[in-house]
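Novice: Structural data only, the sequence is not supplied:
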Ligand SMILES: Nc1ncnc2c1ncn2[C@@H]1O[C@H](COP(=O)(O)OP(=O)(O)O)[C@@H](O)[C@H]1O
Ligand SMILES: Nc1ncnc2c1ncn2[C@@H]1O[C@H](COP(=O)(O)OP(=O)(O)O)[C@@H](O)[C@H]1O
Ligand SMILES: Nc1ncnc2c1ncn2[C@@H]1O[C@H](COP(=O)(O)OP(=O)(O)O)[C@@H](O)[C@H]1O
């Protein structure tokens, strides 16, 4: 099993979700994060005081998939999340040793 | 060391925390996430427009434990988080290469 | 590539960011989390009812770096996040198998 | 008769005609002065509302509505958990809707119409005959329909207070049915008995009242009825899941404080408006209200500071509301120093009730409706009996009540308060039993976990 | 002449002198009674505002401002997505600023000054001559400048309503320019025609009005103008990105409900204040407003309960606002029962409009300005024609309008409403075309994704 | 004497009796007219408050309280970081409590009681003798206790303004002690000197005033005292940790804007209420207030648009509040066009002060109390001297001040403003030194990091 963690632009979530579903992947967990990278932040001005805000709102989509589905998942995410503009985000893949479904205590690929 | 990541139903947090503490595990980090899986979402209706909300509020509990304590931790979480209804969540286990306690710069199992 | 996950005190973020930037590391993703550990929580009192709040606000900083930069990154974070008081947080290092930059579909060290 | 004399006679006759009109002029001037003095006119101006009083009462009615929407909704809504915030708002909104319709159908008539000493009649159902002309029974210079609307706003907020005790676990449908029935069985009779022109306990206006109690702005009618019913209801309903085991903390102290500010602001309409005129008594009530609220606030702050080193926003809000609730029945009767004393007593009593009583008996009065409103309202009712003075409210000089002022008035208060307490408790028990059987009072455990907002209203309070 | 007679003659002469002064006293008393009755004085008191009326109107003006800032801002701001909340607030604030300046420069004069039946003149530009003395054309006892400020608050909220239809996608600059031009081309003429002393459709006050329509507090002037323009504007602008495909849900129902409470509270200034006095008519309007709002609220709740088992906070808020918008033109003309009927109709019609009409035609009226305000305002305008009665508003007894009351008044309403609808639509189309060409009406797609707050105002609604 | 003659004589004698009553009637009518005109009555109606004026002043008092709770609390609370929001609310609440008690004990008496030209006496301590009868020194037709409560609300908000400069770092205890002492040493004397009937600088009412300055609603008394003290206090306290290095941004611009709307709404009570009547002067103040607020708002928006292409919500809120603060001392004295000029000057000056001055001198006036209130109040005080006119405020025709109007009045303003500025600065320095030594003014660094809410109040603003 692999854990795929994708940092994406928030307004692409619906598309990413649909793409993953279409690829047969139904489980995922999403969290709100702030990203800092090459994409330039913006300035906010409060009564003349200027602040450069480097941290931009992003969403982190995590999903654990069987090894075999990693390419499908990556492809689906890339296709759905890409706008071609800087800041589209990253995908990181890590190895997962075990998975347990709490409800049934199933383990491994069954569990996801 | 292993990193145990559990996605649970929000109202089970207190129980999970207690169970882990009882098992002698005091460190953990919790974040609010939205989960998408087999559990059906709900519909929200705003002035006649119906929206299916697939993303349900969940909590993610992360804890890093020495290899030896992985089974204890999993067992504690499963016991405390299980309601038997769909959507109880998952536990994922990944390998952690190193841990550092910032305050003391201790490393490895000492640090957690 | 390694994934460095640091749990820090919220008011140290600016310093950590600067330290990482100074060390030549520009990419990172930050999220708000609640931490539970050795650091004592506080009590909140609402109309006479006392609650011990064990979960303290922390920030989680995640960054994926080439293997070679792991020590630099850790050092930078430790230096910037340390106050010497309990609750300064932890750093966890895990292995990352692959990284993809969504915009360009670059892979591996290029992508981060 | 000489021509001169004839001229004179004619002149004098003319003058007589003029002087015949004179008493008219005198009357008309007296009536205009009656407008200033807020006494009833007798001449042709009768039937007209007086602009200063009428304007003030429209403002007051608006202010009392503002106390519920959004004042109370925020005060309570901020104190519940995020997943239940909308359920509280929906309850406040729903009550505003339902109680208004009840009021129009028969509520106003049953409360303020003449009938038996215990309940009014149906002569004003559908507000028939409730016109813009003043009804001197209730306000010499205020449009009768404005008065009816003003009283409606009290009728809305009273069941609204109950929400605080049952929040986060009662079914919406059950609560709405409970409140509708409760209005008919508790509120309309009690309002009639205390405030109806022929009410059984209306010591201030009804010389024939059996119990000569006074309740300026609703210590008995509003705070005791709702507060004691709330206690019973929360006992019957049982505590929230996790109560006493998990932290159940306010999701937004900011909203709660905003609600408190709105309640305080609106309370001027509630208390000073209860003079049904912008007169001296209103002025006195305004002053007493301000002092009691501030002193109640300070008492909580000082107690928290002393006992816990940290005066809290919720503490100060609670103290202010306690001061306001407690001064309510007394506001138009007591001196500034009386108001300060009441504020002191209010702060102490509610601090103990919320802090000690509740934890001792372990009932789950979610947002302290009992601890603040029942305790405050009951205490204030009693203290009104002790501290009321004719110097502040000349109406207490009426010969049937004057002998009681400063002597045994407090005993009338005890009698009235006790009976209303009993009525509230009994009706609540019966209603609960019936409604729980028929529709079920408590939400399913699953729904309580998930939050009432989604399950009962199909919405979320906040999204990101 | 005997000495006695001489004395008598002198006495009588003296008395004559006194009685010569008498008519003065009579007049002065009549004038004071005129203050109570809200009729125009004729004696030396003329030129003075009457405190009860003037105070009430200052409060009313404040209340109507409060409806926009922060009422409407929250009602709408809560309904948009978090990334656009400040854009809504900025639009409300900007309108308050710009419309006030326009009003000072020429708006008040063009709307309420005498001129042609279609538009006022420039005699009151820069509020020259608009002093604290009453202008009897508009209020016998209210300072003319208070009246001008009161009307300003209407002029601010009207374009504010349009925001609801174009939220989350229109450029700030374009919207401000649109509204400024729209005020001159639609609002000032329509306000003049309906409410100007010499207005072409002012059936209530202008005996020479060509169309004898009535609009108590702005069914046509406020809700129809803005509501129909809003529909056209949102059609021209096109739907929001993702409309109908992605969930676009309110980011804070709590704010929306708070805004609703503030709107309801402020609406008393809007409707009861439109009597321009704290008199009988104000009292009637106050009553009608309350009933219609509550009934509208209940209709939505019952329909949602029946159709979806879950009465929602947004539903109840929408119903209340619908009841308020619909009663607006009728509030000073109808009986309580009339108001209940209007509330019923309001609830039903807007429920259908928001639920069915919009999904059928698939236009993106973001926050239902059309569904609530245009539908409500149009319906209320018609129903005012049907249900108005001289018993509630004696001004309808004027000989040029009395024959229409209860007979063909509804037809005058149709004519007036239809023409104003047409004017609103045509002006909106033209203005859109011009402004879109010159500055561009819609934000770039990138900005719509990111949210308008950051891109257009350089701020974020909330930070953590 | 013929029988006829005898009859005549009797008749005439009777008539004489009637005419003997006549002067009484004349007086009574005059007094009723005095109510309309807001002049003092002389006949038997004396001692009664007049409903129109009294109602308006109760509303105004409520509005001014609403400005602090929750208006100012939100305006400031939204601008701080999330971890400190409750500390701001707690400060506003605490001041409401403490200042009310001070006011009751001696504050009102020291401010408005007769005594020396510099400070009142103790005759009204505990509000003894402050009854519902009007005190003609302050309002011919307003209950004296309503006036005392109205002025209390000013006394509450004034130290509340200081919060803005020291937010996010001052100890709660220290701030409360500072404010209590500051009330006694600065506010009571200054209020007495400017507004007390025998005040040393009360040019409007005290013919013997040494400095004949005018301050309609508190440019000097409210905004200058608090604003200049705030500057000194924030200098002494030092900047917040991270100031100028880390982004310190508002945690909720939405709350800030809501607070602004409430401030604007409440300011009508503040300014128009300062006429202590619902009369012509109130009407003029209402108008001026509206215009200045809107123009101030527009100036900030236009400047931001021009300089940064993005008009911000905070900018518009700041401009509106600046316009309101600056018009305050002048509101009852200037024409609409004067108000527009003041709004213009207010917008420009505060924009520069907040944007340039602060960044130049690098002091940390957290929420710009100095930049908005001190700058606005000082400017408005001066401009009131330049633009005041007898046409708007007939009281300026009093022979001791009329010669100054339009000539050297501005110099009286400079003198009064300068002295008060000095007093505020000196007292602040001394108080700071003492309190810092005794209890410590600044929170520990650890607490500043963590946020004041938890450490000082044991609560969190929001939970999830
Ligand atoms: N090394 C990294 N580790 C973790 N997250 C990263 C890293 N680099 C970038 N990110 C995340 O990816 C987002 C996009 O990266 P950025 O460099 O701005 O643009 P792009 O993805 O187009 O190269 C960032 O906002 C951040 O959240
Ligand atoms: N493959 C997955 N990867 C990551 N998170 C998942 C995955 N599948 C499920 N989850 C998380 O677990 C939660 C529960 O899963 P769900 O399928 O609804 O029920 P159950 O755990 O009972 O099978 C989801 O809401 C989601 O947050
Ligand atoms: N075993 C663990 N797994 C995951 N997170 C942990 C673990 N132990 C501690 N943490 C996180 O680190 C934070 C700091 O830990 P704590 O024990 O309080 O202090 P210190 O880091 O100084 O030892 C905690 O609040 C929690 O978020």
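Specialist: Done, it's in. As the structure is a prediction and not an experimental result, all values here were calculated from the model. Numbering: from 1, shown residues only, chains lettered A, B, ... in the order given. Ligands and ions are numbered 1, 2, ... in the order given.
Novice: Going by C-alpha atoms from here, please, whenever you check contacts or count neighbours.
Specialist: Noted.
Novice: mind checking how far residue A:112 is from ligand 1?
Specialist: Computed with C-alpha to the nearest ligand atom, to the nearest Å, the distance linking residue A:112 and ligand 1 is 25 Å.
Novice: And the pLDDT at that residue?
Specialist: What the model reports as pLDDT for residue A:112 is 86.
Novice: Next: residue A:53.
Specialist: At residue A:53, the model reports a pLDDT of 89.
Novice: That one and residue A:42 touch, don't they?
Specialist: Yes. Assessed by C-alpha atoms under 8 Å, residue A:53 is found in contact with residue A:42 at 5.4 Å.
Novice: quick one, which of those two is more surrounded?
Specialist: The neighbour comparison of residue A:53 against residue A:42 (other C-alpha atoms under 10 Å in any protein chain shown) goes to residue A:42, with 16 against 13.
Novice: If we go by neighbour counts, what in stretch D:228-246 is buried?
Specialist: Under the neighbour-count criterion of 16 or more other C-alpha atoms under 10 Å in any protein chain shown, stretch D:228-246 has D:228-240, D:244 buried.
Novice: which of those has the weakest pLDDT?
Specialist: Out of these, that is residue D:244, at 88.
Novice: Could I get the full set of strands for chain A?
Specialist: A:2-8, A:28-36, A:42-46, A:49-53, A:56-65, A:90-95, A:98-101 (DSSP state E).
Novice: and residue F:341, which of those is closest to it?
Specialist: With respect to residue F:341, and counting by C-alpha to C-alpha, the nearest of the strands of chain A is strand A:42-46 at 25.4 Å.
Novice: Any chance you could list what contacts that closest one?
Specialist: A:50, A:51, A:52, A:53, A:54, E:454, E:458, E:459, F:249, F:314, F:315 (C-alpha atoms under 8 Å, 6 or more residues apart in numbering or on different chains).
Novice: Just want the angle from it to strand A:56-65.
Specialist: For strand A:42-46 against strand A:56-65, the angle by axes from the mean of the first three to the mean of the last three C-alpha atoms, to 10 degrees is 130 degrees.
Novice: Pairing partners for strand A:42-46, with directions?
Specialist: strand A:49-53 (antiparallel) (DSSP bridges).
Novice: OK, now which residue of chain A is nearest to chain D?
Specialist: Closest to chain D within chain A is residue A:32: 8.9 Å, counting by C-alpha to the nearest C-alpha.
Novice: Spatially nearest residue to that residue, not counting backbone neighbours?
Specialist: Nearest residue to residue A:32, sequence neighbours excluded (C-alpha to C-alpha, 6 or more residues apart in numbering or on different chains): residue A:59, at 4.8 Å.
Novice: Next, find the distance separating residue A:10 from residue D:104.
Specialist: Look at residue A:10 and residue D:104: by C-alpha to C-alpha, to the nearest Å, they are 50 Å apart.
Novice: Please say which of these two ends up with more neighbours.
Specialist: Higher neighbour count among residue A:10 and residue D:104: residue D:104, with 23 against 18, using other C-alpha under 10 Å.
Novice: contacting residues for residue D:451?
Specialist: Applying C-alpha under 8 Å, 6+ apart, we find residue D:451 in contact with D:83, D:84, D:168.
Novice: if we can go back for a sec, just flag the most distant two among the contacts of strand A:42-46.
Specialist: Counting by C-alpha to C-alpha, the most remote pair of those is A:54 and F:315, 22.4 Å apart.
Novice: what about the two, which has more around it?
Specialist: Taking other C-alpha under 10 Å, residue A:54 and residue F:315 do not tie; residue F:315 has more neighbours (28 against 17).
Novice: Just say helix, strand or coil for the more buried one.
Specialist: What DSSP: H, G, I helix; E, B strand; the rest coil gives for residue F:315 is helix.
Novice: Quick check: it vs residue F:326, distance?
Specialist: With C-alpha to C-alpha as the criterion, residue F:315 and residue F:326 are 16 Å apart.
Novice: Nearest approach to residue D:382 belongs to which of the strands of chain A?
Specialist: strand A:42-46 (53.3 Å).
Novice: Please tell me how far that closest one is from the chain's geometric centre.
Specialist: Relative to its chain's centre, strand A:42-46 lies at 27 Å (C-alpha atoms, centre = their mean, to the nearest Å).
Novice: before we move on, what about stretch D:141-158?
Specialist: Put simply, stretch D:141-158 sits 10 Å off its chain's centre (C-alpha atoms, centre = their mean).
Novice: and if you look at stretch D:61-78?
Specialist: Distance of stretch D:61-78 from the chain centroid (C-alpha atoms, centre = their mean) equals 13 Å.
Novice: Same check on stretch A:9-24?
Specialist: 10 Å.
Novice: partners of the residue nearest to residue D:132 when sequence neighbours are not counted in the sheet?
Specialist: Distances taken as C-alpha to C-alpha, 6+ apart put residue D:143 closest to residue D:132, at 4.4 Å, once the chain neighbours are dropped. Listed by DSSP bridges, the beta-bridge partners for residue D:143 are residue D:134.
Novice: For residue D:143, give its distance to residue F:225.
Specialist: On the measure of C-alpha to C-alpha, residue D:143 and residue F:225 end up 45 Å apart.
Novice: Counting neighbours, go ahead and name the busier of these two.
Specialist: Applying other C-alpha under 10 Å to residue D:143 and residue F:225 shows that residue D:143 carries more neighbours, namely 35 against 32.
Novice: Wait, the more buried one touches residue E:281, no?
Specialist: No. With contact defined as C-alpha under 8 Å, residue D:143 does not reach residue E:281; the gap is 10.0 Å.
Novice: From the contacts of strand A:42-46, pick the one nearest residue B:94.
Specialist: Closest to residue B:94 out of the contacts of strand A:42-46 is residue A:54 (30.8 Å), distances taken as C-alpha to C-alpha.
Novice: And the closest residue to chain F within the stretch 51-200 of chain D, which helix or strand is it part of?
Specialist: Closest to chain F within the stretch 51-200 of chain D is residue D:52: 3.7 Å, counting by C-alpha to the nearest C-alpha. Using DSSP states H and E, residue D:52 sits in helix D:51-66.
Novice: Outside of the helix or strand that that helix is followed by itself, list whatever touches it.
Specialist: Of the helices and strands lying after helix D:51-66 in sequence (DSSP H and E), the nearest is helix D:73-77. If you take C-alpha under 8 Å, 6+ apart as the criterion, helix D:73-77 is touched by D:84-86, D:88-89, D:92, D:164, D:255-260, D:367, E:258.
Novice: same thing with stretch A:104-112?
Specialist: Contacts for stretch A:104-112 (C-alpha under 8 Å, 6+ apart): A:1, A:27, A:64, A:65, A:66, A:98, A:99, A:100, A:101, B:78, B:84, B:90.
Novice: and that stretch, is it in reach of ligand 2?
Specialist: Yes. Using C-alpha under 6 Å from any ligand atom, stretch A:104-112 reaches ligand 2 at residue A:112.
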